[in-house]
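Chemist: Sequence first, predicted coordinates after that:
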Amino acid sequence: MSRPHGIGGTQTALLRYLRQRGSASRVEIAEACGVTPAAVSLLTRDLLTRGLVIEGLRRKGGRGAPQIDLELQKSAGYALGINATRYSVLLTLLDFGGNALGDRLLLGPFDAFADVLSAIDSGTQALMAAYGLGRDTLLGAGIAMPTRFRQETMPLDLADEVKSWASDNLSIQLSQVLGCPVLIENDANAAAIGELTLGNSAGHANFAYLYLSEGIGGGIIINRTLYRGNLGNAGEIGALRGRTLSRPSFEDLAAWCAARGGDVPPGRDADKWASYLADYPDQLEAWLQRAGPELARLAFTVAAVLAPSAIYVGGTLPQIVRARLADWLDFARSNPFDNARVVQPAILLPEVVATDAVACGAAAMILDRAGSLG
């Protein structure tokens, strides 16, 4: 299968619209993409020839000729999304329409990047074989990891938990293993993209995504588009809280519990940690009394600067912990800055599991850039 090339910006917007809507008429596409119906006819003719778009149902009724809906050819190619942490690697496979076919969870720890490569190689083989697909059908792979970007090239500024993965050519190594183009994304950005693509049933066009994992990250969606800022690091709210201070993170929670005894679970399995915290409610309550105000101050800052309509509280922390932390983001109640006021955004938990949101978001960015990948 040959990968699509030379798809322009308007065609990319057209494909994105169909991916979000499922199907649409040429008139609807023209209105959504801000072009004339004649231009849409030219653009879609090319996409139909390429086999990326197909004609669907013919609408009856109304004046004029019946309108024929267009939809994406779901088998035109597939995108692999990878959420890689020191403790686990999650693979998710999306078809060209953005539908999730399946996923595969690989457990670590992964102390060296060679271990990550080996797990991704074997896991991808098994995942695609389960659907009768060969790797030649992959449009590309997006890998999300805890990192920030220093410049357009490697090396990445990796989080402490995965410093041992450091290399000048992580994307090249992955591309050689998978046999397709590879994009690397920050995990919080990928989670925000995933929520935009797979969740967000309220249709928020502008929202912030707080990603509470080993550290604290964030993603910013403006007008239904990820805002990256300079070099791609927008949303790094963890930088607002010094490294020497306690932080509302999984790493901090684990250290807190370990210092107070009990059979602390190894790794970061959310179900095991939820069970542990149910057995030690006093430990959780004491930690929340410290972490809640910390998160409230960070979220208040986000609300004051960005004025989003919603803030999602996601990440790898167990949902029961994130739900309790979310209560602190009622600013009238928590009063994080001594009676300072902002318009209260909706405070929501993600509608998809956090790790799924990250991997699916990483795959979604491949679909969105399929025509420009090498």
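Modeler: Structure received. Because the structure is predicted, anything quoted here is derived from the model rather than measured. Numbers count the residues shown, from 1 in each chain.
Chemist: Have a look at this structure and report its longest helix.
Modeler: helix 281-306 (DSSP state H).
Chemist: Now the element after it, going C-ward?
Modeler: Using DSSP states H and E, the next helix or strand after helix 281-306 towards the C-terminus is strand 310-315.
Chemist: Report the inter-axis angle for that following strand versus helix 281-306.
Modeler: Per axes from the mean of the first three to the mean of the last three Cα atoms, to 10 degrees, the angle that strand 310-315 makes with helix 281-306 is 140 degrees.
Chemist: what's the average pLDDT for strand 310-315?
Modeler: The average pLDDT for strand 310-315 rounds to 96.
Chemist: Remind me what it packs against, helices and strands.
Modeler: helix 187-198, strand 207-212, helix 281-306, helix 319-327, strand 346-348, helix 354-368 (3 or more Cβ pairs under 8 Å, 6 or more residues apart in numbering; DSSP states H and E). (Glycine included, C-beta is placed from N, CA and C.)
Chemist: Strands of this protein, start to end?
Modeler: 53-59, 67-72, 78-84, 88-95, 100-107, 138-145, 147-148, 157-158, 182-186, 207-212, 216-222, 225-226, 310-315, 346-348 (DSSP state E).
Chemist: got the ones you listed as CSV, with distance to residue 234 and mean neighbour count columns?
Modeler: Supplementary listing: those in CSV, determined by distance: least, Cβ to Cβ, whole Å; neighbours: other Cβ atoms under 10 Å:
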stretch, distance to residue 234, mean neighbour count
strand 53-59, 32, 14
strand 67-72, 29, 19
strand 78-84, 20, 28
strand 88-95, 24, 24
strand 100-107, 27, 16
strand 138-145, 16, 26
strand 147-148, 10, 21
strand 157-158, 15, 16
strand 182-186, 10, 23
strand 207-212, 10, 28
strand 216-222, 5, 25
strand 225-226, 9, 18
strand 310-315, 15, 27
strand 346-348, 20, 18
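Chemist: so who does the closest residue to residue 328 other than its chain neighbours touch?
Modeler: The shortest distance from residue 328 to any non-neighbouring residue, by Cβ to Cβ, 6 or more residues apart in numbering, is to residue 292 (3.7 Å). When contacts are counted by Cβ atoms under 8 Å, 6 or more residues apart in numbering, residue 292 touches 248, 324-325, 327-328, 334.
Chemist: can you list contacts of stretch 268-281?
Modeler: 85, 87-88, 214, 250, 254, 257, 260, 262-265, 283-284, 316-321.
Chemist: List the buried residues in it.
Modeler: Across stretch 268-281, burial judged by 16 or more other Cβ atoms under 10 Å covers 268-270, 273-274, 276-277, 280.
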